[in-house]
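1. Sequence and predicted structure are below.
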Amino acid sequence: MTKRVAIFISGGGSNMRALVADMTGDHPARPAVVFSNNADAGGIAWAKAQGIATAVVDHRPFGTDRAAFEAAVSAALELHEPDIICLAGFMRKLTAGFTDAWAGRMINIHPSLLPKYKGLNTHARALAAGDSAHGCTVHEVTAALDDGPILGQARLAIAPDDTPDALAARVLVLEHQLYPAVLRRFAAGDTRLLELPR
Ligand code: GAR
């Protein structure tokens, strides 16, 4: 049966667009809703223009009460009956209550070769460490930040004159290849590691 995918974004949503673009034809999944904690996220306007359902729950009125925010998120999702959640530049930490409820059904893309550089500023940290390789990872989401079983990685070589911005742009191109390829397999029940370039 075709899987229904909720895609969570906080910003422009270029990974979300890559996922949506791939979910056609014989793909085992279809976008059910694009969700954001930010009504002004560029990706929300784009999804609406495509005729994809959208939902927004602003996290700010909930303050530090993450569980209450997540209860509102769950209520907003219910109508769309998602089978899978894809975090795609969703910049809110999720509690164990939410990640446990979605265990094995929620995946994330992170701009580093995990387990290196969990959290923020991954490109600058890879450069500062003098790494020769960098890239991105898609993994299952667990309660620990940027942790969880790795489903796919894409790597590139760091150039001697690379800057964080230049690196971010090149990694983003890889993200747009890796995330759709992993979702396609994951939605079909395939959790074997995918490595790009093959
Ligand atoms: C992407 O680089 C994604 O890997 C990163 O945010 C960017 C979102 O871009 N995610 C994280 O850092 C999550 N920890 P997008 O909105 O254009 O997809």
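-> Looks like it arrived, so ask away. Numbers count the residues shown, from 1 in each chain.
2. Ile158: what's it in contact with?
-> Neighbouring residues of Ile158 by Cβ atoms under 8 Å, 6 or more residues apart in numbering: Ala126, Leu127, Asp131, Ser132, Ala133, His134, Leu167. Every residue, glycine included, has its C-beta placed from N, CA and C.
3. Does the fourth one touch Arg155 like I think?
-> Put plainly, it is Ser132. No. Taking Cβ atoms under 8 Å as the definition, Ser132 is not a contact partner of Arg155, at 10.2 Å.
4. ok, those two, which is more surrounded?
-> Applying other Cβ atoms under 10 Å to Ser132 and Arg155 shows that Arg155 carries more neighbours, namely 17 against 10.
5. in the helix or strand containing Leu77, what counts as buried?
-> Using DSSP states H and E, Leu77 falls within helix 66-78. For helix 66-78, the neighbour count (16 or more other Cβ atoms under 10 Å) marks Arg66, Phe69, Glu70, Val73, Ala76, Leu77 as buried.
6. can you redo these as CSV with pLDDT and distance to Asp22?
-> Converted to CSV, those look like this (pLDDT from 0 to 100; distance: Cβ to Cβ, whole Å):
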residue, pLDDT, distance to Asp22
Arg66, 97, 31
Phe69, 98, 29
Glu70, 98, 28
Val73, 98, 24
Ala76, 98, 24
Leu77, 98, 21
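7. Using CSV, list the CA coordinates for stretch 40-57.
-> Extracted C-alpha coordinates of stretch 40-57, given in CSV (Å, rounded to 0.1, in the frame of the first residue of the first chain):
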residue,chain,number,x,y,z
ASP,A,40,6.7,32.0,7.2
ALA,A,41,8.8,29.0,6.1
GLY,A,42,9.4,29.4,2.4
GLY,A,43,8.5,25.7,1.9
ILE,A,44,5.0,26.2,3.2
ALA,A,45,4.1,28.6,0.5
TRP,A,46,5.7,26.4,-2.1
ALA,A,47,3.8,23.3,-0.9
LYS,A,48,0.5,25.2,-0.9
ALA,A,49,1.2,26.3,-4.5
GLN,A,50,1.7,22.6,-5.4
GLY,A,51,-1.7,21.7,-3.9
ILE,A,52,-0.1,19.8,-1.1
ALA,A,53,-1.8,20.0,2.3
THR,A,54,0.1,22.1,4.9
ALA,A,55,-0.1,22.4,8.6
VAL,A,56,1.6,24.9,11.0
VAL,A,57,2.0,24.8,14.7
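8. what distance separates it from the centre of its chain?
-> Put simply, stretch 40-57 sits 16 Å off its chain's centre (Cα atoms, centre = their mean, to the nearest Å).
9. circling back: of the buried residues of helix 66-78, which is the nearest to Asp146?
-> Nearest to Asp146 among the buried residues of helix 66-78 is Arg66, at 16.8 Å by Cβ to Cβ.
10. surely the closest one meets Lys93?
-> Yes. Look at Arg66 against Lys93 with Cβ under 8 Å: they come within range, at 7.2 Å.
11. Mind listing what's buried along the longest helix along the chain?
-> Longest helix in the chain, counting residues (DSSP state H): helix 164-187. The neighbour-count check on helix 164-187 (16+ other Cβ under 10 Å) flags 167-168, 170-171, 174-187 as buried.
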